[in-house]
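>>> coords please:
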Amino acid sequence: MSLRTILLAAALSLGTVAGAFAQAFPVTITHAHGETVIPAEPQRIVTWGWSNEDAVIALGKIPVGMPFQSYGGGDNGIHKWVEDALEAANAETPTILDASGEPPIEQIAALQPDLIIAAFSGITKEQYEVLSGIAPTIAYSDAPWSASWQDLTRVVGKALGKDAEAEQLVADTTAWVEAEFAKYPALKDVTFASANDYDGSMAVYAPLDARMKFLTDFGMTMDPSVAALSPGGDAFYYSLSYELFDQLEADIFVTYFEEQDLLDKWLATPSAQTYPPIVNGGLAALVGTENVASVSPPSILSLRWGVPGYLEILGAAAENVAGK
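Sure thing, here's the model as predicted:
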């Protein structure tokens, strides 16, 4: 079933739910930088950060502006699953915002938004205050860049007056993901750790990282060594020297590379060639910028686009090490 067909079916379903459960305004959203009151149903929405626009579009609204996504967004800065959703909705492409640095205040203000959604972002208190001078702004709930796709969808749903629709969308998508995971039962019998080569050491993804939460949400077990080696704090990753790399124990090792030749080059290093999970056949390497972007972390839109291929790779690694 194509993403277009799925989105059209979801729109009809959500429309029925919306009629039965209309949500009154004003709406108050509590987040890391305070509380934001949304006085009426927003009509001109700007998104900032990662995948906020995915949730907005999935819930039937088209942003007037959204950031250029340099990772996996191609030349136009728009992820493929977002392009598909805009096409399915017969919608015009929103204004693409310059995302090369801090939020482009003048560009955002020119769009005259009545709501700015940065629920998955790292905006500072100062940036939040400036943006709030333009329109009601929603910052991240707890830690920067850490919201799960479920929580992000619910926050956006509440902001749009679509609480019930958001819950239904999360429930339907969760059931679909669970069915996809069930195709690979070995995933529940192994532990995993995830890291990437970065600047001469390994960047290990901590339990807080949304990519890791996605895997543990659906029954996979992060190896205890991930937490044991962590220096603590609320970061979503930490640096681990190659001298300690073999202490990162797991049955399968999940890693992400933009290009196959970069992965091949890393696999040829002594550290990779002697790393037990890789030696034992437990390498789960997702390759390709779009593929990595679709699950790093996933969104309510990107899940159906990227998860089947991702699980194929994870499942093959788990089956390789099963029983060893």
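
>>> what does stretch 68-75 contact?
Surrounding stretch 68-75, the residues in contact under the criterion CB atoms under 8 Å, 6 or more residues apart in numbering are 50, 77-80, 96-100, 289-290, 292-294, 296. For glycine as for every other residue, the C-beta is placed from the backbone atoms N, C-alpha and C.

>>> in that stretch, what counts as buried?
Neighbour-count burial for stretch 68-75, counted by 16 or more other CB atoms under 10 Å, picks out 69, 72-73.

>>> then stretch 239-258?
240, 245, 248-258.

>>> look up phi and psi at residue 67.
Dihedral pair for residue 67: phi -70, psi 150, per degrees, to the nearest 10.

>>> from the contacts of stretch 68-75, which would you call buried?
Neighbour counting by 16+ other CB under 10 Å classes 50, 77-80, 96-97, 99, 289-290, 292-294, 296 among these as buried.

>>> quick one: those as CSV, columns for pLDDT and distance to residue 135 too.
Rendered in CSV, the data for the buried ones among the contacts of stretch 68-75 read as follows (pLDDT from 0 to 100; distance: CB to CB, whole Å):
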residue, pLDDT, distance to residue 135
50, 96, 20
77, 97, 22
78, 98, 22
79, 98, 24
80, 97, 29
96, 98, 18
97, 98, 14
99, 97, 18
289, 96, 32
290, 97, 31
292, 97, 32
293, 96, 28
294, 97, 29
296, 89, 29
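
>>> grab the two from those that are most spread out in space.
With distances taken as CB to CB, the most widely separated pair in the buried ones among the contacts of stretch 68-75 is 97 and 292, at 22.3 Å.

>>> keeping just the C-alphas, turn the one helix or strand residue 157 maps to into PDB.
Assigned by DSSP states H and E, residue 157 falls within helix 149-159. Taking C-alpha atoms only, helix 149-159 is exported to PDB below (Å, rounded to 0.1, in the frame of the first residue of the first chain):
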ATOM      1  CA  TRP A 149       7.400  10.300  17.800                       C
ATOM      2  CA  GLN A 150       4.300   9.400  19.900                       C
ATOM      3  CA  ASP A 151       4.800  12.300  22.300                       C
ATOM      4  CA  LEU A 152       5.500  14.700  19.400                       C
ATOM      5  CA  THR A 153       2.400  13.700  17.600                       C
ATOM      6  CA  ARG A 154       0.300  14.200  20.800                       C
ATOM      7  CA  VAL A 155       1.800  17.600  21.600                       C
ATOM      8  CA  VAL A 156       1.100  18.800  18.000                       C
ATOM      9  CA  GLY A 157      -2.300  17.300  18.200                       C
ATOM     10  CA  LYS A 158      -3.200  19.200  21.300                       C
ATOM     11  CA  ALA A 159      -1.800  22.400  19.800                       C
END
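
>>> going forward, count from 38.
Okay, residue one is now 38; in that scheme the one you just asked about reads as helix 186-196.

>>> the domain parsing of this structure - what is it?
The record's domain parsing of the chain by automatic domain parsing lists 40-214, 221-358.

>>> give me the distance between the two termini of the last one.
Meaning domain 221-358. End-to-end distance for domain 221-358: 13 Å, by CA to CA, to the nearest Å.

>>> test my guess that residue 340 contacts residue 186.
Yes - using CB atoms under 8 Å, residue 340 makes contact with residue 186 at a distance of 6.9 Å.

>>> between those two, which is the more surrounded one?
Set side by side, residue 340 and residue 186 show more neighbours around residue 186, with 27 against 23, by other CB atoms under 10 Å.

>>> wait, what's in contact with residue 173?
The contact partners of residue 173, by CB under 8 Å, 6+ apart, come to 73-76, 151-153.

>>> let's see it at 10 Å
Neighbouring residues of residue 173 by CB atoms under 10 Å, 6 or more residues apart in numbering: 63-66, 73-76, 79, 150-154, 196.

>>> do residue 337 as well
With CB under 10 Å, 6+ apart, residue 337 has these contacts: 47, 88, 91-96, 118, 122, 186-187, 189-190, 193-194, 203, 206-207, 209-210.

>>> which of those are buried?
The neighbour-count test (16+ other CB under 10 Å) marks 47, 88, 91-96, 118, 122, 186-187, 189-190, 193-194, 203, 206-207, 209-210 as buried among the contacts of residue 337.

>>> so which of those sit within helices?
The helices, defined by DSSP state H, take in 47, 91-95, 118, 122, 186-187, 189-190, 193-194, 203, 206-207, 209-210 from the buried ones among the contacts of residue 337.
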